[in-house]
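Colleague: Fold the following and give me the result.
(chains A, B and C)
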Amino acid sequence: MSGETNPQPSDPTGRRSTPGAALGDILAARKIDPLDVVVVTDDEEEVTATKRVRTGTSVGRGAHSHGPRARILRFIMYAILFVFVLWYLAPVYVLLVTSLKPSSQVTLDKMWTLPWPPSLDGFSAAWTALAPNFVNSLKLAIPAAILSSILGSMNGYVLAKWKFRGADTLFTLILFGMFIPYQAILIPLTQVMSDVGLYGSIQGLILVHIIYGIPITTLIFRNYYAAIPTELLEAAKVDGAGFIRIYRSILLPLSASGFVVVLIWQFNSVWNDFLFAATLTTQPNWPMTVALNNLAGSFAVDWNVQMAGALIAAMPTLLVFIILGRYFVRGLLAGSLKG
Amino acid sequence: MKLPSRQILAVISVAALVAACTSSSATTAPGGATCAAAANAVQIEAVSWWTTGGESSGFNAIINKFNCDNPGYFVTNSAIAGGAGSVAQAALQSRVLAGNPPDTFQVHMGHELLDTYVTPGYMDNLDDLYSANGWTTQFPKGVLDIVSAKDAAGATHYYSVPLDIHRANVLWYNKTVFSSNNLTAPTTWDQFFTAADALKAKGITPLAVGDSGIWSNGMLLEDVLIGQLGADKFNGLWTGTTDWASADVTTALNTYKKLLTYVNTDHSSLSWDQAADYLIPASAGAQPKAAMTIMGDWAAGEFDNKGFTDYGYVAAPGGTGIYQALADSFGLPTKAAHKDGVKKFLTLLGSAAGQDIFNPYKGSVPANTGAGNPPADQKQYSTYQKWAMGEWKTDTIVPSMEHGAAAAPSWKGAIETAVTSFVANPDAAALQTALVAACKDAKVCK
Amino acid sequence: MRISRDRATSLLVIAPSVLAIGIFVYGLIVWTGYISTVQWDTLRPDYTFVGLANYQAIFAQNRFLMDIRNTVVFTISFIAASLTIGLLLANFIDRQIRAEGLFRNIFVFPMAISFIVTGVVWKWVLSPGTVETITTAGGSLLVSRPQGVNQLFGLDPASNRWLTDSHVVFLAPDSPLYGFLHSVGLGFLTSPNIGIPIALFSLVIAAVWQMSGFVMVLYLAGLRAIPEELKEAARVDGCTEWRIFRHIVFPLLTPITLSAMIILGHISLKIYDLAVAMTPGGGPGFATDTPALFMWQTAFRDDHFGRGAAVAIVMLVLVAGVVVPYLVWTRRQEVEA
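Modeller: Numbers count the residues shown, from 1 in each chain, chains lettered A, B, ... in the order given. Now for the predicted structure:
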C-alpha cells in the first residue's frame, strides 16, 4: 500500500500504487490514473475531506443505500459487534471482579458474582509485591524497545535500499531467527551470559531482547522502507548525499509510523516476557513478570492477589496501546506489515 | 506526522512518579526486629520457591534469626515461585551447569536431590554436620534413609537438611456431611467405597480431586498402592525389591480404577485447592459439592484461609500408621561461594529451635523429634500439627513419589505420563505395563 | 569513490546484527543440534555420541506424536479463526460506525495482556463444573453445578466439558471413510493419535481471543487503503457487494493475510505460556500438550538434555517446513513486482 502521504507539496511521487499486478490491471481497465488514487487514513476528518474534494458528493464508505434493508443489516452488524464486545470483555470482567474480592470469597462457582463488599486486599498485596520490580521492568522495556527499533530501522534501511548480492537471502536467514523456541537455547545462553559477565543484570537482559528482537524489527522496517520510492533516494544521491545523510534527512522523517509499530510491539513483548527474565536475572534485578509469578504460593494460590497483580502488570502495555493505538493503525497502513 | 509528544511525556512522568513513590520492600520477619546486614557481612544467597504466605513469613523469620545471631553473615531469601519442573528450576539448573550455583537452595529431600544433583557430583556431603549436631539420633530413621545415599564402598553419606515434614496421605472430610449421613471416616479402601456409594446416592461427589498438572492424581495412585502393599512392599517399589508386575500391584491398580469413578467430573481443570474448596458449603446449611478429598496436610491451610472449620482428618485409607513424608531441604553445593556460612545456616535449619520457628508458619511438622515446643513468644503449632507430630514420632515413614522423595524426577515424569493416559482411558493392564517400563527406564528395576 | 564508501558503511551497519544472529540464533541452533546427538541425560554433561538414538526415543513416545498432531490442529484452527474473525470485525469497523475508536480499542487490547494471564483467566472461564446423580426411591435426579461459561449460559456440564474433555474425534471403524482409508494404505489416519482432541479448542478460543484484535487492525489498515473508487466503479458495473469483496477486496488483502499468517504461525508453533497456564500437565490425556512443554519437561524436569535438544530440532524442522515456503514465495512475489 502507499507510503504515508508526504507533506511536501512539491513531491510528485508521494503516492504509490499498491503492490501486485491485479490492481494495476484494474486501474488500467477502468482508465483510472494511479496518481488519482488517494491514500485514506483512519482519521475520519480526512476521509470526509477527501471525499468532498474527490467526488463532490456525500456518499460515505460502505453506505450505498439508505433503505430499510440497509438499516436492518446495519442493526445486525451492530448486534454482532456487541456480541463480540461481550466476548472480549468477559475475561476482563472475571479478572476485575476476582481482584476486588477478599480471599475467602474467591471460589470458582462465584466467578461471575460481583464482590460485596469489595475489598482492596488483592490490589494492595499485589502492589506491595510488584512495586519494587515495576521500575526494573521500565528500566528494561523502554531501552530495549527503543534500541531494538533503532537497530531494526538501520537494518531495514540497508536491506531495503542498499541491496547487495545476497541481501534477500540474508534477510530470509535473519527472519528465520524469529522462530526458534527459546527454551531450546536457554542453557547455552545462560553459559554465554555468565562467561561475559552479564548474567544477572538488567543490561544483559536488554542485550538479549535486542538480539532476539532483530528479526521482527528488521522485518517491519524493511517492508516499510520498501514501500518508499527509490526515486527519492536517487534524487538525493544526485545531490551528493551519502548513506547517513539520506537516512537522516529523508527516511527518518518518514519513519514515525514504523517506529510506533515497532516500539509498541517490542515494548509489549519485552514487558510480558517471563522466560528470559526469570532465567537471566537475579534478585534484585527481577522485572515485574518474575514478581507477578511469585504471587503464587508453592501450593495454593491467592487468586484475588494473582488477578489484581495481572491487572497491574497489564496497565503499562494497555496504556501504550490506548495512547499510541491510532498511530499503530496508521503505521500499519503505511506499509509496515505488508508481505 | 509528529509523534504525540505530550502523551509520551505524560506516560514518562507517571512512570517517574511511580518510581519515586515505590519503596523497596523489606523482608521483615514477623515478631521481631529485622537485623540488617553489617558492613563486612558475607552475603549468602539462599534460593527457594517460598514467595508468599506462611512459608515466606516462616523462612524470613528463621533467616532473620540467623542474621541476628551471626552478624558476620547475611542470608537473603532469593525466591522464585514455581517449585519442581518450573522456570525457577530451569534457572537453577542452568546456574549449576554454568558453575555458578547459589550458596544453598531448596530442594525436596530424597531422590529429587540425590539423582539430580548428588549423583552427578554437584553437592558436598553433610556428614560432619550430622554427627556434630547429633541429627543421626534426633531425626527418625525413615528420614535418615531418605536424605542419605550410599557411595561405592557402601558408606552412608547425608546430603541435605530437612527443614519441614509434610504428610501426603491424609484424608480430609466434611464433618457435617458425614454425621448427617451416619458415616464414619473410612480407614480402609473397602470402607471408603461403602461410604462413597452412600454419598453418591445423595448427589454428593465422594472424592474431590483437582489434578490440573496431574500430580494430585499421582498421589491417589500412591495412596492406593500403600493401602494394598503396606509400608515395606511400598518402599520396595522404589528400591527394586517389589515387582511392579506383581499381582498385588494389579489389585491396587484395579482399586485405583474403581476409585476414579467416584471423582468429580471436572477434575482436570481444577487445581488441588479449588477441588478442596468443593468441601465447603456455599452457604450455611447448604450441601457442599463434595465430601472428601485426599491431599497433603497443606490442605489445612487452604481450609483455614477460606474460613472453613468443619473439617476432619484421618490417615488416607490404608495408611493408618504409615506416614508418607515429603520435606523441603537445603544442602551444600560443591561450588558454593561461602561454604562456612552455609554450614552455619544449615545448622540452624536442622536444629530444634530453628525448626520451631519455621514450621508453625508452614503448617508442617519439624523433622527434628526434639522440636515441638516453641517458646511462648513465638507462633505456636495448630491442632492439626500437634496431631501430626504425634503420628510422626510413631508411624512408619515411607517416601512420597510425587513430591520428590521416592523417585528421580524423570521416573516420576514417566509415571505421571502413564497416569495422564490412564485417567483419560482407564486401562489397568496398560497402566501396569507402563509402570513396569518406567521402573526399568529409571534403571532401578531389571 | 563515494559509492563504495556508502556501500562499506551499509555493510558495517548491518554487520553487528548479522554477527548477533549468527551467534545467538544459528550458533545456538547448531549447538542444540549437536546436543541432540549425544547421551547427556543427567545434570553432568555427557558428550558421548549416540547418533539418532534420542530421536528414536522421542518418536517412540505416544505423547510426542500427540504433541505434533496438537500443533498441527492448533495452528490450523488458530490461524483460520483469527483471520476470519479479524477480517469480519475489520469489515464492520470499516463502515463508518459510531464509536469506532472504542470498538477498536476493545478488540485490540487483549494483545497487551501476557499469555500467562490469558491462560489463567480462560482456564477459569472454561471450567465446566460438575454433575452428580442423586438416586432416590422415585428414580434418579441430575444435580448439575455448572461454572464459568456453562454457568453463564445455563449449559450442561456433562456435555460441555471444555478443557476437561478427553474426547478425541477420530475416524472410528463405523465411519464410512474408515474402510476406504485402510484399503488405500492410509490406515494410520484413523488412529486416535491423529484424531482431533476436543479440549484443544478451548486453547484455541483463548488464543484467538488474544490475537484476533491484532489481525483486525492489520486488515483494517488494508481495507482502508483500498480506494473507494475501485469499488464504486465495480458497483456501477453491476457487481454485488459479495462479488466485489471476493474479486477485488480479498485479493488486495493477500499480503496482509500472509503477514498475519506468519506472525500467528510463529506464535502458535512455539506456544508454551498459554498452554502451560491453562493445562499445566498437558491437558486430559495430553489433549492440549505442546512440543514446547514436552521439551521443557524432558530437559529441565527429567534432565534428559539430549532428548530435549532432539525435540527442539524437530520443532525447528516443523517451523522450517512452514516458513521456508512462505519466504520463498514472497521473494518470488517481490522479484515479479
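Colleague: drop to CA atoms for contacts and neighbour counts, all remaining ones
Modeller: OK.
Colleague: Which residues of the stretch 151-300 of chain B lie near chain A?
Modeller: B:273-274, B:277, B:298 (C-alpha under 8 Å from any C-alpha of the partner chain).
Colleague: near chain C, which of the residues you listed show up?
Modeller: Okay, of these, nothing touches chain C (C-alpha under 8 Å from any C-alpha).
Colleague: what's the neighbour count on residue 327?
Modeller: By default, I'm working from chain A. Other residues near A:Tyr327 come to 22 when the count uses other C-alpha atoms under 10 Å in any protein chain shown.
Colleague: should've been chain B
Modeller: 29.
Colleague: if we can go back for a sec, just the buried ones among the residues of the stretch 151-300 of chain B next to chain A, please.
Modeller: Buried by 16 or more other C-alpha atoms under 10 Å in any protein chain shown: B:273-274, B:277, B:298, out of these.
Colleague: so where does B:Gln43 fall, helix or strand?
Modeller: Taking DSSP states H and E as the definition, B:Gln43 sits inside strand B:42-48.
Colleague: pLDDT averaged over the helix or strand following that strand, what's the number?
Modeller: Going down the chain from strand B:42-48, the next helix or strand is helix B:53-69, by DSSP H and E. Taken as a whole, helix B:53-69 has a mean pLDDT of 91.
Colleague: just to revisit the earlier point, and the strand holding B:Gln43, C-alpha only, in CSV?
Modeller: What follows is strand B:42-48, C-alpha atoms only, in CSV (Å, rounded to 0.1, in the frame of the first residue of the first chain):
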residue,chain,number,x,y,z
VAL,B,42,29.4,-12.2,54.0
GLN,B,43,26.4,-12.4,51.7
ILE,B,44,24.9,-15.8,51.5
GLU,B,45,22.3,-16.4,48.7
ALA,B,46,19.6,-19.0,49.6
VAL,B,47,17.3,-19.8,46.7
SER,B,48,13.9,-21.1,47.5
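Colleague: partners of that strand, with directions?
Modeller: If you go by DSSP bridges, strand B:42-48 pairs up with strand B:73-79 (parallel), strand B:104-108 (parallel).
Colleague: Phi and psi next, for the nearest residue to B:Leu270 once chain neighbours are set aside.
Modeller: Leaving out its chain neighbours, the residue that sits closest to B:Leu270 by C-alpha to C-alpha, 6 or more residues apart in numbering or on different chains is B:Gly210, at 4.4 Å. B:Gly210 has phi and psi values of phi -120, psi 90 when expressed as degrees, to the nearest 10.
Colleague: give me every residue that touches B:Gly210.
Modeller: B:216-217, B:267-276 (C-alpha atoms under 8 Å, 6 or more residues apart in numbering or on different chains).
Colleague: so can I have CSV of the residues you listed showing distance to B:Cys68 and pLDDT?
Modeller: As requested, the contacts of B:Gly210 are exported to CSV (distance: C-alpha to C-alpha, whole Å; pLDDT from 0 to 100):
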residue, distance to B:Cys68, pLDDT
B:Ser216, 39, 94
B:Asn217, 43, 94
B:His267, 46, 91
B:Ser268, 46, 89
B:Ser269, 45, 86
B:Leu270, 42, 89
B:Ser271, 39, 88
B:Trp272, 38, 91
B:Asp273, 36, 89
B:Gln274, 39, 89
B:Ala275, 41, 93
B:Ala276, 39, 93
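Colleague: Is any residue of the helix or strand containing C:Val30 near chain A?
Modeller: Assigned by DSSP H and E, C:Val30 belongs to helix C:28-35. Yes: residues of helix C:28-35 contacting chain A under C-alpha under 8 Å from any C-alpha: C:28-29, C:32.
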